[in-house]
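Student: fold the stuff below for me.
(chains A, B and C)
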Amino acid sequence: MAGAGSRTTRAVLHVDLDYFFAQCEERENPSLKGRPVVVCVYSARGGDSGAVSTANYVARGHGVRAGIPIALAKRRLRGVDAAFLPVNRGLYEAVSQRIMAILRRHADRFEQVGIDEAYLDVTRRVDGDFERARELAQRIKAEVSAEEGLTCSVGVGPNKLVAKMAAGSRKPDGLTVVTLEKVPDFLSPLPAGELYGVGAKTEKRLGELGIKTVDDLSKYDAAGLIEVFGKSFGLYLHRASRGIDDTPVQERGMATQISRITTLGEDTRDPDAIMEAVRHLSRAVHAGAAEQNLRFRSVALIAVTDDLKLHTRSKALDGPTDDLEVIAEASEGLLNRFLSEVTGPKVRRVGVRLSGLEKGKGQRKLTEFGKTSH
DNA sequence: GTATGCTTTCGGC
DNA sequence: TTACGGCCGAAAGCATAC
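Tutor: Here you go, the predicted model:
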């Protein structure tokens, strides 16, 4: 075999911690086991105002899902011995960090995605052997269970796309191996909407083209897809439907954006009332950036109106800065601009977002570490 | 015509 | 009967630069 550009099929694992927030709560309080557990984000409006963040599988059996209103979840669990708990992010962060450390030591290359998912490229350590990859996945599940008491679902595949979909195909506590040879069998029968990257909108447009399944999609003319969906997404659909994905497993650097959003005490268009919240959010988001020693090049105002539509207005700054005053000034201007441009609805939620992040003064980039001393 | 950067929206959990 | 969070990353859509 010539050189590092090996022709060996990659072996990639996707690890997904099951119903993560709710499972953390079960671990802290074992008496919750067997009962519906609903982890909620309560807004500042009091009562049951807010939405469900995560529910365990018992609660899901009653139709309770992430994103539904808390009041609706309570209705669906009326007369059932359910637990409604507020989110405890600090707990989940701590559990996540310890589990990610376990996963990392089993990977040639590691990529954490969000708080509860990770990709592991294990090609070298299993020598491209999917049976060994399955054994490794089993060992990882056993370690996470023994050390942290949590279950996870693992997918093994020849790339990230297939590994991710394999993990999703059997939950919770699943282990699904899809070898290169089995990729067509695995993907073809799935509804097109289950392909990673295909949401409700794309599924509908595919349906109008007569494409119902991933198999239909894989047989559709590539040029036709590009015509309908554009070069980038059209090509992605064509390749994904065939289980082709060559994106590498690689460590993610720093965050790309930091935002803070809150629900107002009542829906309003009063600039003073909204500005009070915006000032508070500006300080919060500034603190978030300072904590990671990040500067930013863009400030955005986020507004959710009483029709639950999301709006944003953003401003690119002259250069990177870490100045709170810049955030406060920009967000005030953006709020005024939004209120003059969107004149109908009242504002329900408001937020401030920083993007174009980079390391602050005196910080070397993460990628530069380790390159100087040898 | 393509690359790049900025603004806005979308979707997952 | 209605009900409705707080994040994140990715990508679409557009304007401008080369």
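Student: the spatially most central residue of chain A and A:Glu341: what is the separation?
Tutor: Nearest to the mean C-alpha position of chain A, by CA atoms, centre = their mean, lies A:Gly114 at 5.0 Å. Distance, A:Gly114 to A:Glu341, by CB to CB, to the nearest Å: 33 Å. For every residue, glycine as well, the C-beta is placed using N, CA and C.
Student: number of nearby residues for A:Leu294?
Tutor: 20 (other CB atoms under 10 Å).
Student: then A:Val285?
Tutor: 25.
Student: also the one 3 residues further on?
Tutor: A:Gly288 is surrounded by 15 other residues when neighbours are defined as other CB under 10 Å.
Student: need phi/psi at A:Phe110.
Tutor: phi -130, psi 140 (degrees, to the nearest 10).
Student: ok, the nearest residue to it once chain neighbours are set aside to A:Gln97 distance?
Tutor: Distances taken as CB to CB, 6 or more residues apart in numbering place A:Arg104 nearest to A:Phe110, at 4.7 Å, with adjacent residues excluded. From A:Arg104 across to A:Gln97, the span is 10 Å (CB to CB).
Student: have a look at the two and say which one is more surrounded.
Tutor: Comparing A:Arg104 with A:Gln97 by other CB under 10 Å, the one with more neighbours is A:Arg104, at 15 against 11.
Student: show me where chain A has helices.
Tutor: With helices called from DSSP state H, chain A shows them at A:20-28, A:57-60, A:70-76, A:89-104, A:123-126, A:130-148, A:160-169, A:183-187, A:200-208, A:214-219, A:222-229, A:231-241, A:271-291, A:324-341.
Student: what residues of the second one count as buried?
Tutor: Looking back up the chat, that one is helix A:57-60. By 16 or more other CB atoms under 10 Å, the buried positions in helix A:57-60 come out as A:58-60.
Student: and that helix, anywhere near DNA strand C?
Tutor: No - residues of helix A:57-60 are not located near DNA strand C by CB under 7 Å from any atom of the strand, the shortest gap being 14.4 Å.
Student: who in the stretch 151-300 of chain A is up against DNA strand C?
Tutor: A:197, A:229-230, A:232-233, A:236, A:252, A:255-263, A:288.
Student: among those, which are in strands?
Tutor: Within these, residues falling in strands by DSSP state E are A:257-263.
Student: residue contacts, the closest residue to A:Arg297 other than its chain neighbours?
Tutor: Nearest non-adjacent residue to A:Arg297, counting by CB to CB, 6+ apart: A:Gly356, 3.1 Å away. A:Gly356 is in contact with A:296-298, A:316-317, A:320, counting by CB atoms under 8 Å, 6 or more residues apart in numbering.
Student: repeat that with 6 Å
Tutor: Contacts for A:Gly356 (CB atoms under 6 Å, 6 or more residues apart in numbering) come out as A:296-298.
Student: pretty sure A:Phe296 contacts A:Val352?
Tutor: No - look at A:Phe296 against A:Val352 with CB atoms under 6 Å: they stay out of range, at 10.9 Å.
Student: would you turn the helices of chain A into a markdown table with distance to A:Gly50 and mean pLDDT?
Tutor: Shown next, in a markdown table, are the helices of chain A (distance: least, CB to CB, whole Å; pLDDT from 0 to 100):
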| stretch | distance to A:Gly50 | mean pLDDT |
| --- | --- | --- |
| helix A:20-28 | 14 | 93 |
| helix A:57-60 | 16 | 94 |
| helix A:70-76 | 5 | 94 |
| helix A:89-104 | 15 | 92 |
| helix A:123-126 | 44 | 96 |
| helix A:130-148 | 28 | 96 |
| helix A:160-169 | 27 | 91 |
| helix A:183-187 | 37 | 93 |
| helix A:200-208 | 24 | 79 |
| helix A:214-219 | 36 | 90 |
| helix A:222-229 | 36 | 80 |
| helix A:231-241 | 34 | 83 |
| helix A:271-291 | 17 | 93 |
| helix A:324-341 | 24 | 92 |
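Student: which one of these lies nearest to DNA strand B?
Tutor: Comparing these against DNA strand B with CB to the nearest atom of the strand, the closest turns out to be helix A:200-208 (3.7 Å).
Student: how about residues contacting the closest one?
Tutor: By CB under 6 Å, 6+ apart, the residues outside helix A:200-208 that reach it are A:192-193.
Student: in that helix, what's buried?
Tutor: Going by neighbour count (16+ other CB under 10 Å), the buried part of helix A:200-208 is A:202-203, A:206.
Student: can I get that helix as CSV, trimmed to CA atoms?
Tutor: Taking C-alpha atoms only, helix A:200-208 is exported to CSV below (Å, rounded to 0.1, in the frame of the first residue of the first chain):
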residue,chain,number,x,y,z
ALA,A,200,-39.4,18.7,6.6
LYS,A,201,-39.0,21.4,3.9
THR,A,202,-36.6,19.3,1.8
GLU,A,203,-38.7,16.2,2.2
LYS,A,204,-41.7,18.0,0.8
ARG,A,205,-39.8,19.2,-2.2
LEU,A,206,-38.4,15.8,-2.8
GLY,A,207,-41.9,14.3,-2.6
GLU,A,208,-43.0,16.7,-5.4
